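Undergrad: The following comprises the amino acid sequence and a computationally predicted model.
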Amino acid sequence: MKLAKLLNADQIILDMKAVEHWPAITELVDHLVENRSLPAAQREEMLAALKAREEQVSTGIGSGVAIPHAFSDQLEEVIAVFGRSKAGIDFEAIDNAPVHFIILFIVPRKDYHLHLRTLAAIAKMFTNCEVRRQLGKADTRDEITAILDSKPSRVAAPGT
């Protein structure tokens, strides 16, 4: 499964409002709830799970990228949301640089192994400075999905 298959145009925020770590995660989760990718009843549980993960160490991996992630007992498939901040977000990243691209994903706990594959595929894709440049210049959600779809990084489907 291509990484772009986790994201449709409705799961992309072209210009995030948040400028700090935790408000950015909240904005992304609220976006998932608003577009019905995440049931509203699971909002608080997911925010708590994401907060617990971020308290271990920031998921700001450097080079302007963050990959917050959590597990859910309630979901049947991976859900994701992509946020872009032209101004940059203080995400307490490992390189202390502002984050411009955030890919938040939630994995069903039953597919625990999928979380590492998803994380690796996202990290691999976003280490490519050309990908980051193209995503930074994209004007529409459809352009972003096309960029993600054109790149070779793949997330293995459950059970593979």
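TA: Received it, and whenever you're ready, just let me know what you need. Numbers count the residues shown, from 1 in each chain.

Undergrad: For the most centrally placed residue in the chain, which three-state class applies?
TA: By Cα atoms, centre = their mean, the mean C-alpha position of the chain lies nearest to Ile103, the distance being 1.5 Å. Using DSSP: H, G, I helix; E, B strand; the rest coil, the structure places Ile103 in strand.

Undergrad: Ala123 reaches Gly60, doesn't it?
TA: No - if you go by Cβ atoms under 8 Å, Ala123 and Gly60 don't touch, sitting 11.7 Å apart. Every residue, glycine included, has its C-beta placed from N, CA and C.

Undergrad: Compare the two (neighbour count), which wins?
TA: Higher neighbour count among Ala123 and Gly60: Gly60, with 25 against 16, using other Cβ atoms under 10 Å.

Undergrad: Could you tell me the phi and psi values at the more buried one?
TA: Dihedral pair for Gly60: phi -70, psi 110, per degrees, to the nearest 10.

Undergrad: residue contacts, it?
TA: His21, Ala66, Phe91, Glu92, Ala93, Ile94, Asp95, Val99 (Cβ atoms under 8 Å, 6 or more residues apart in numbering).

Undergrad: What separation do you get for it and Asp73?
TA: Note on Gly60: its distance to Asp73, by Cβ to Cβ, to the nearest Å, is 27 Å.

Undergrad: name the element Asp95 belongs to?
TA: Under DSSP states H and E, no helix or strand contains Asp95.

Undergrad: Can you report how many residues neighbour the residue nearest to it when sequence neighbours are not counted?
TA: The spatially closest residue to Asp95, leaving aside those adjacent along the chain, is Gly62, at 4.0 Å (Cβ to Cβ, 6 or more residues apart in numbering). Gly62 is flanked by 15 other residues according to other Cβ under 10 Å.

Undergrad: Which of the helices or strands spans Glu77?
TA: Counting by DSSP H and E, there is no helix or strand that carries Glu77.

Undergrad: Quick one: list the elements packing against the helix or strand of the chain with the lowest mean pLDDT.
TA: Using mean pLDDT, DSSP states H and E, the weakest-scoring helix or strand in the chain turns out to be helix 112-126, at a mean of 81. Judged by 3 or more Cβ pairs under 8 Å, 6 or more residues apart in numbering; DSSP states H and E, helix 112-126 is in contact with strand 69-72, strand 99-108.
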